[in-house]
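1. Below are the sequence and a predicted model; questions follow.
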Amino acid sequence: MADGARGPLDGLLVADFSRILAGPYATMLLADLGADVVKVEGPAGDDTRTWTPPVRDGVSTYYLGVNRGKRSVVLDFRDPRDARLARELAGRADVVIENFKPGGLARYGLDHASVSTGNPGVVYASISGFGTGAGRDVPGYDLMVQAISGLMSLTGDPEGPAYRAGISVFDVMAGNHAVIGILAALRHRDATGRGQLVEVNLLSSALTGLVNHSSAYAAGGTVPYRMGNAHPSVFPYEPLPTADRDLIVTAANDGQFRRLCEVLGIPGTADDRRFRHNADRTERREELRPILVERLRTRGALEWFELLVAAGVPCGPINTIEGGFAMAERFGLDPVVEAGDGERAVPTTRHPIRFSETPAAYRLPPPALDEHGEDVRKWLEGGEAAGAGRESGEVAGAGRESGEVAGAGRESGEAAGVGRESGADVRAGRESGDA
């Protein structure tokens, strides 16, 4: 690892006009990797600042979970001076990310067409709920998309009601897709000097994220339906009861099933012609399940976990979130890091990607509302940003003139940057132009 490495996106300036989850999650990932993210908030701040409980030191843990590594500035777009500063920021940025209602930023000169006129190298990422066509006016909250996409029809017991996933899964997915799109567009900019518009919507992220179920319909003409915790194409691939609690057992091929039977002390079951191949086991799951459960009930879940994993059989206990972190600690994944230093440091979840040369860093804690507003405004108005270094709130690229093409002189192969915004709520429910 190079000494003093700041991350693969060091020097990239991101103007973050997003809120709630998808966009802030995307920009947090970029900040972890070295990008300088300026979080632009309306006077009331990001909605998630008020989403409580739980809290840490009076601050919403929801907000804390997706906003580390950023600087906050309050700009009210309805104020002409603030709108001008927002345009100045967008004109200097390598990446702009937003999740306003489609078309809502045009009145302030902050839409892609306006920004790219003065900053042709900008990568402009826009996140919506249902795209910019016929669905442009439909609000885009994650729960809505879980329902509309069909995910909820797949979740829950076969005879019971549909259920939502335990997290805003499509917000997170759309945030990741935004990052992928931004990085790809930055690579194109490295090669051509030209920026572009990157559009992500929650419904499209959802349909691709439904993977095998989407394929069952698109390629096979089959409409899948919920099966509880069972898998439509593999058995065993579900929770099975042990002496104390359920254990997920995923013997997804014939070799794994044979090893499962050996550890359970029923090796002959793997040679039973009723269960010899996966298709056989899936068709006769109601016959096979009680045979497996009879043996699994003789030990506890953690004991079976140790034995089965040692034999190469995928399995795992159903933990609480606390148990999930404990398992990550056991595996040496160090899941908790601190963002920032000293009294302001906040425990947070480690970035999921590890780099051998340019590791993720957690320089700044999630900012207080307008915490860096004075410095950012001074920089945008032409003065020097206060603070001796980035850790103290200095803005990257402080010498860049307004309108200068971001990264225009960058040699091909220099670190590409990444993009932005989510869309769980995608401001799609807001009035056009509400900051």
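-> Right, received. Where do you want to start?
2. Check which element follows the strand or helix carrying A26 along the chain.
-> Here A26 sits within helix 22-32, counting by DSSP states H and E. Next along the chain after helix 22-32, taking DSSP H and E as the criterion, comes strand 36-41.
3. Within its sheet, name the partner strands of that following strand and how each one runs.
-> strand 13-17 (parallel), strand 70-74 (parallel) (DSSP bridges).
4. could these be laid out in TSV, adding distance to I318, mean pLDDT and mean neighbour count?
-> Every residue, glycine included, has its C-beta placed from N, CA and C. Listed next are the strands paired with strand 36-41 as TSV, based on distance: least, CB to CB, whole Å; pLDDT from 0 to 100; neighbours: other CB atoms under 10 Å:
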stretch	distance to I318	mean pLDDT	mean neighbour count
strand 13-17	36	98	28
strand 70-74	35	98	24
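5. nearest to I353, of these?
-> Between I353 and the strands paired with strand 36-41, the tightest spacing by CB to CB is seen for strand 13-17, at 17.5 Å.
6. Pull the closest one out as CSV, backbone CA atoms only.
-> C-alpha atoms of strand 13-17 as CSV (Å, rounded to 0.1, in the frame of the first residue of the first chain):
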residue,chain,number,x,y,z
LEU,A,13,-15.4,16.5,-6.8
VAL,A,14,-19.0,15.4,-6.3
ALA,A,15,-21.9,17.8,-6.0
ASP,A,16,-24.5,15.8,-4.1
PHE,A,17,-28.0,17.2,-4.5
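7. what is the orientation angle of that strand with helix 22-32?
-> With axes from the mean of the first three to the mean of the last three CA atoms, to 10 degrees defining the directions, strand 13-17 sits at 160 degrees from helix 22-32.
8. E238 - that's part of a strand, no?
-> Yes. Under DSSP: H, G, I helix; E, B strand; the rest coil, E238 falls within a strand.
9. Quick one: neighbours of it, just the number.
-> 17 (other CB atoms under 10 Å).
10. Run through the bridge partners of it.
-> Counting by DSSP bridges, E238 forms beta bridges with V249.
11. wait, what's in contact with it?
-> E238 makes contact with G228, N229, A230, H231, I248, V249 under the criterion CB atoms under 8 Å, 6 or more residues apart in numbering.
12. Can you give me the distance of it to E159?
-> 16 Å (CB to CB, to the nearest Å).
13. helices and strands around the helix holding A26, which ones?
-> Using 3 or more CB pairs under 8 Å, 6 or more residues apart in numbering; DSSP states H and E, the elements in contact with helix 22-32 are strand 13-17, strand 36-41, strand 70-74, strand 95-98, strand 123-128, helix 169-192.
14. now the strands paired with strand 36-41 in JSON lines, with distance to F275?
-> Below are those laid out as JSON lines (distance: least, CB to CB, whole Å):
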{"stretch": "strand 13-17", "distance to F275": "54"}
{"stretch": "strand 70-74", "distance to F275": "54"}
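15. Now, of the contacts of E238, which are buried?
-> Among the contacts of E238, those buried by neighbour count (16 or more other CB atoms under 10 Å) are A230, I248, V249.
16. give the contact list for the last one.
-> With contact set as CB under 8 Å, 6+ apart, V249 has these partners: P236, Y237, E238, P239, L240, L260, L292, L296, L308, V313, P314, C315.
17. mind redoing it with 7 Å?
-> Residues near V249 by CB atoms under 7 Å, 6 or more residues apart in numbering: P236, L240, L260, C315.
18. Quick one, grab the pLDDT at it.
-> pLDDT for V249: 98.
19. so the residue of the chain most remote from its centre, which of the three states?
-> In the chain, the residue that sits farthest from the middle, by CA atoms, centre = their mean, is G268; the gap is 44.8 Å. Classification of G268 by three-state DSSP places it in helix.
20. Can you tell me the element V200 falls in?
-> strand 196-201.
21. Could you quantify the relative orientation of that strand and helix 22-32 as an angle?
-> Orientation of strand 196-201 against helix 22-32 (the same axes, to 10 degrees) gives an angle of 130 degrees.
22. and the angle from strand 196-201 to helix 169-192?
-> Going by the same axes, to 10 degrees, strand 196-201 makes 170 degrees with helix 169-192.
23. Show me the strands paired with strand 196-201, marking each as parallel or antiparallel.
-> If you go by DSSP bridges, strand 196-201 pairs up with strand 123-128 (parallel).
24. which strands and helices sit next to whichever helix or strand comes after the partner strand?
-> If you walk from strand 123-128 toward the C-terminus, the next helix or strand you reach (DSSP H and E) is helix 142-149. Here helix 142-149 touches helix 169-192, helix 202-209, going by 3 or more CB pairs under 7 Å, 6 or more residues apart in numbering; DSSP states H and E.
25. send the alpha carbons of whichever helix or strand comes after the last one over as CSV?
-> Proceeding N to C from helix 202-209, the next assigned helix or strand is helix 211-218, under DSSP H and E. The C-alpha trace of helix 211-218 is given here as CSV (Å, rounded to 0.1, in the frame of the first residue of the first chain):
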residue,chain,number,x,y,z
VAL,A,211,-32.7,-12.1,-11.5
ASN,A,212,-34.0,-15.6,-11.7
HIS,A,213,-37.6,-14.6,-11.1
SER,A,214,-37.4,-12.0,-13.9
SER,A,215,-35.8,-14.5,-16.2
ALA,A,216,-38.6,-17.1,-15.3
TYR,A,217,-41.1,-14.6,-16.7
ALA,A,218,-39.1,-13.0,-19.5
